[in-house]
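**Q** how would this look folded up:
(chains A, B, C and D)
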2 protein chains.
Amino acid sequence: MNDVARLAGVSIKTVSRVVNDEPGVHPSTAERVLAAIDQLGFRRNLSARNLRRGSSTGTIGLVLEDVGNPFYSGVTRAVEEIARLRGRQVISGSSDEDPGRERELALEFCSRRVDGLLIVPAGLQHSYLVPEMRAGTPVVFLDRPAGDVVADTVLVDNIGGTVEAVTHLAAHGHRRIAFLGDAPDIFTANERLRGYREGCVRAGIGYHEELVAMGPHDQATVVTALQRLQSMREPATAIVAGNNRITVHILRSLAGVAERPALVGFDDFELADLLSPPVTVIAHDASALGKAATDLLFARLDGDNSPPRRVVLPVRLVPRGSGEVHA
Amino acid sequence: MNDVARLAGVSIKTVSRVVNDEPGVHPSTAERVLAAIDQLGFRRNLSARNLRRGSSTGTIGLVLEDVGNPFYSGVTRAVEEIARLRGRQVISGSSDEDPGRERELALEFCSRRVDGLLIVPAGLQHSYLVPEMRAGTPVVFLDRPAGDVVADTVLVDNIGGTVEAVTHLAAHGHRRIAFLGDAPDIFTANERLRGYREGCVRAGIGYHEELVAMGPHDQATVVTALQRLQSMREPATAIVAGNNRITVHILRSLAGVAERPALVGFDDFELADLLSPPVTVIAHDASALGKAATDLLFARLDGDNSPPRRVVLPVRLVPRGSGEVHA
DNA sequence: GGCCACTATGACAACGTTGTCCCCGAGCGG
DNA sequence: CCGCTCGGGGACAACGTTGTCATAGTGGCC
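**A** The predicted model follows:
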């Protein structure tokens, strides 16, 4: 800006005025300044501007588990969309389910003075955010609740969803329904397990621990679990899968198998309808989740300081065939 | 920092020294400062720091077409990974194939003084980046080349891939091979069309314009195109799909159809192997693309100022069944 | 002609840091 | 006792902006 001012033969304040479309600059002066800007390829330094103005940095921090996972990339897309409408940029990072990494990312974003934080919690301790929140940075947790702070949270109806999955399978005659879930220290995994259990009880088929295999799961552990479930005295005839990745592992394990157990997966995924049989899922909308959380964040930025809210988004069972097969 | 200094009864410079682990602070003083930092929940303002030091902002800008697309979210993940190893944060945005939006995002990132830019070009004009590049911001284009500037570029072998697809289909006896591609003003779509044409010529089956349907495509236009291709005097017996979305549209259109044309899709996608028949694809690695581009960017940041490079990543045909069927 | 209103512009401080330079006092050798 | 060194710490400027205030010139009106 200094260089521009020198080249145009004006003070830097005048350049600032031109750059900010402030009134009170003579057209001919403005033209000279614009020419200088063009010639030098000047671009205003936003950091300096925000520093001086003490105003928003125009950024939102997004900490999620893995952008590579279609579910989270859907969330990211929705967040970006809303942020864009509100003139913000999104800085994001993947925690890979590591609480330390989550914390590192969140605090890094705070150091960058993001206007707000959206966090898919990896851990259960979030008191490290208390100073930031007290300092006025709104934080919204999504997909999972915070561990030890009270804050806005947007969840999906994990329990309702798995209850519905089990109910659906039981209605089609299944009595031996298994559950393959993620590591039980992950909130959603645990909730879904609870829903599974409640569904079993409600359906009158009882809860049998032997039918449960919690993760973390990869292709190999899923194969092992399926073998175990099928070699029992009373084999499982149906499976509820705890998330999209586990569903895919199961599908891959069952490829080419003639007698397939019925299957209902938590999380919808692309092409589920084109498999044979098409996969019945508990669907919930990644972009709805992202949108709800971002809307909530912006409400806070707009001055809403009502008590923290907990929003639970509905899920719905999409019957496609795999949950209706008989073993 | 001012507050911390006051509370600890020292000057702000001493606080700065403590925060930066600089030597020359008495342990007992440091302790007092740390206590004050803790009590106030102080967090150093990175913008101010970077402004003062005139150093890197520790950020990388990433402009892509749509984070929601699994291909690009794979790219994003890879970029994030490398950036993390080099201590950078990623700011990203989706252009939705709109050149204006691409430009807006890129320039916004420049205003934020990103250390470097990774761009999946939406348009063909990138001279707007010349001042930035001249000012020292390295820019790497990925997936598609820049329109009118010379810059580092990482591409995949679009032509080789479609040549191989056509060759593969022809080797299985197909003579009427169609091509459904994206809008021809998109570089990759055009290149793939060229590869298709060359493949046809090489296979000795000739290039017939009637067998080509360029986009933009959605489910409806794909259905129409397929109807046209199949109601010809000599119907198409095989199809090459120009990208993952078109492949999915085709699969959805063909669902339940008994006599399916053979199909080879450009871009691999999850579950392609589990469909029936499994989908033969031209595979290339999103994360390899992201990694190559980011590595190149960091090489520039490390001072490499050799002439701009163009890297072309190989693709490979993954035969799975759908490209081998006979009509 | 004197005064006022108004336009166009500039000087300067400040945002939150950090780099440079300087100062004070203690310890030590001569 | 003097001078020197060295450890600890502070004052101040500067990064690139913008907000506040001041100022010079210009034209109009009584």
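
**Q** List the residues that contact the residue in chain A that DNA strand D sits nearest to.
**A** Using Cβ to the nearest atom of the strand, the single residue of chain A nearest to DNA strand D is A:Met1, 2.8 Å away. All C-beta atoms are positioned from the backbone trio N, CA, C, and that covers glycine. The contact partners of A:Met1, by Cβ atoms under 8 Å, 6 or more residues apart in numbering or on different chains, come to A:12, A:15-16, A:19, A:42, A:44.

**Q** can you put the residues you listed in TSV and add distance to DNA strand C and neighbour count?
**A** Formatted as TSV, those follow (distance: Cβ to the nearest atom of the strand, whole Å; neighbours: other Cβ atoms under 10 Å in any protein chain shown):
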residue	distance to DNA strand C	neighbour count
A:Ile12	7	14
A:Val15	8	27
A:Ser16	8	16
A:Val19	13	17
A:Phe42	16	20
A:Arg44	13	15
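
**Q** filter the residues you listed down to the ones close to DNA strand D.
**A** Residues of the contacts of A:Met1 in contact with DNA strand D (Cβ under 7 Å from any atom of the strand): A:12, A:16, A:19, A:42, A:44.

**Q** which ones are touching the residue in the stretch 51-200 of chain A positioned nearest to chain B?
**A** Scanning the stretch 51-200 of chain A for the residue nearest chain B gives A:Pro131, at 2.6 Å (criterion: Cβ to the nearest Cβ). Taking Cβ under 8 Å, 6+ apart as the contact definition, A:Pro131 lies against B:40-41, B:43.

**Q** so does the helix or strand hosting A:Val140 get close to chain B?
**A** Following DSSP states H and E, one finds A:Val140 within strand A:139-142. No - for strand A:139-142, no contact with chain B is found by Cβ under 8 Å from any Cβ of the partner chain; the gap never falls below 13.8 Å.

**Q** Contacts for that strand, please.
**A** Residues outside strand A:139-142 that contact it (Cβ under 8 Å, 6+ apart) are A:75, A:116-121, A:126, A:129, A:132-133, A:146, A:151-155, A:289-290, A:292-294, A:296-297, A:300.

**Q** what's near enough to touch A:Ala146?
**A** Counting by Cβ under 8 Å, 6+ apart, A:Ala146 touches A:119, A:121, A:126, A:129, A:139, A:153.

**Q** what does chain A put close to DNA strand C?
**A** So far as Cβ under 7 Å from any atom of the strand goes, chain A lies against DNA strand C at A:9-14, A:17, A:23-26, A:29-30, A:48, A:51-52, A:54.

**Q** Go back to those and keep what's next to chain B.
**A** A:48, A:51.

**Q** Are any of the residues of chain A next to DNA strand C buried, and if so which?
**A** A:10, A:14, A:17, A:25, A:29-30, A:51 (16 or more other Cβ atoms under 10 Å in any protein chain shown).

**Q** hmm, which two among those are most spread apart?
**A** A:Thr29 and A:Leu51 (26.9 Å; Cβ to Cβ).

**Q** following the helix or strand A:Arg17 falls within, which helix or strand shows up next?
**A** Assigned by DSSP H and E, A:Arg17 falls within helix A:12-19. Going down the chain from helix A:12-19, the next helix or strand is helix A:27-40, by DSSP H and E.

**Q** ok, that next one near DNA strand D or not?
**A** No - using Cβ under 7 Å from any atom of the strand, helix A:27-40 stays clear of DNA strand D, with a minimum separation of 10.2 Å.

**Q** What residues of the strand holding A:Val140 count as buried?
**A** Buried-residue list, strand A:139-142, by 16+ other Cβ under 10 Å: A:139-142.

**Q** Now do the strands in chain A.
**A** A:59-64, A:89-94, A:116-119, A:139-142, A:152-156, A:177-181, A:212-214, A:238-241, A:262-266, A:280-283, A:310-313, A:316-318 (DSSP state E).

**Q** So which of those strands is the most surrounded?
**A** Mean neighbours per residue, mean count of other Cβ atoms under 10 Å in any protein chain shown, is largest over the strands of chain A for strand A:238-241, with a mean of 30.

**Q** Does that strand reach chain B?
**A** No - if you take Cβ under 8 Å from any Cβ as the test, strand A:238-241 misses chain B, and the best it gets is 14.0 Å.

**Q** Looking at that strand now, give me its mean pLDDT.
**A** Confidence for strand A:238-241, expressed as mean pLDDT, is 94.

**Q** Also stretch A:127-142?
**A** The model assigns stretch A:127-142 a mean pLDDT of 94.

**Q** what about that stretch, start to end distance?
**A** End-to-end distance for stretch A:127-142, by Cα to Cα, to the nearest Å: 16 Å.

**Q** How far away from the center of its chain is it?
**A** 18 Å (Cα atoms, centre = their mean, to the nearest Å).

**Q** With stretch A:101-116 instead?
**A** 16 Å.

**Q** Kindly report the same for stretch A:1-14.
**A** On Cα atoms, centre = their mean, the centre of stretch A:1-14 falls 46 Å from that of its chain.

**Q** Show me the helices in the stretch 101-250 of chain A, by range?
**A** Here the stretch 101-250 of chain A has its helices, by DSSP state H, counting those that start in this stretch, at A:130-134, A:158-171, A:187-202, A:219-230, A:244-254.

**Q** who wins for most neighbours among the contacts of A:Pro131?
**A** For the contacts of A:Pro131, the largest number of neighbours (other Cβ atoms under 10 Å in any protein chain shown) sits with B:Arg43, at 19 neighbours.

**Q** ok, A:Asp38 - how many residues close by?
**A** 11.

**Q** how much space is there between it and chain B?
**A** Note on A:Asp38: its distance to chain B, by Cβ to the nearest Cβ, to the nearest Å, is 9 Å.

**Q** Distance-wise, check that residue relative to DNA strand C.
**A** 18 Å (Cβ to the nearest atom of the strand, to the nearest Å).

**Q** Next: A:Asp98.
**A** Distance from A:Asp98 to DNA strand C, by Cβ to the nearest atom of the strand: 27 Å.

**Q** again, but for A:Gly323
**A** Counting by Cβ to the nearest atom of the strand - A:Gly323 and DNA strand C are separated by 55 Å.

**Q** same check, this time on A:Gly195
**A** From A:Gly195 to DNA strand C the distance is 45 Å (Cβ to the nearest atom of the strand).

**Q** do the same with A:Leu155
**A** 34 Å.

**Q** partners of that residue in the sheet?
**A** For A:Leu155, the beta-bridge partners under DSSP bridges are A:Val312.

**Q** didn't it look like it was pressed against A:Val311?
**A** Yes - contact criterion Cβ atoms under 8 Å: A:Leu155 and A:Val311 qualify, at 7.1 Å.

**Q** In the stretch 151-300 of chain A, what residue comes closest to DNA strand C?
**A** Closest point on the stretch 151-300 of chain A to DNA strand C, by Cβ to the nearest atom of the strand, is A:Arg300, at 20.9 Å.

**Q** Next up, the contacts around that residue.
**A** A:116, A:138, A:140, A:152.

**Q** try 10 Å
**A** A:115-116, A:136-140, A:151-152, A:306, A:308-309 (Cβ atoms under 10 Å, 6 or more residues apart in numbering or on different chains).

**Q** Format the residues you listed as TSV; extra columns: distance to A:Ile282.
**A** Output for the contacts of A:Arg300, formatted as TSV (distance: Cβ to Cβ, whole Å):
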residue	distance to A:Ile282
A:Asp115	34
A:Gly116	30
A:Gly136	37
A:Thr137	34
A:Pro138	30
A:Val139	28
A:Val140	23
A:Ala151	26
A:Asp152	24
A:Ser306	31
A:Pro308	27
A:Arg309	24
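
**Q** Can you name the residue of the stretch 201-327 of chain A nearest DNA strand C?
**A** Counting by Cβ to the nearest atom of the strand, the stretch 201-327 of chain A gets nearest DNA strand C through A:Leu301, at 18.6 Å.

**Q** returning to what we had before: switch the contacts of A:Pro131 over to a markdown table; also include pLDDT.
**A** Output for the contacts of A:Pro131, formatted as a markdown table (pLDDT from 0 to 100):
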| residue | pLDDT |
| --- | --- |
| B:Leu40 | 93 |
| B:Gly41 | 92 |
| B:Arg43 | 94 |
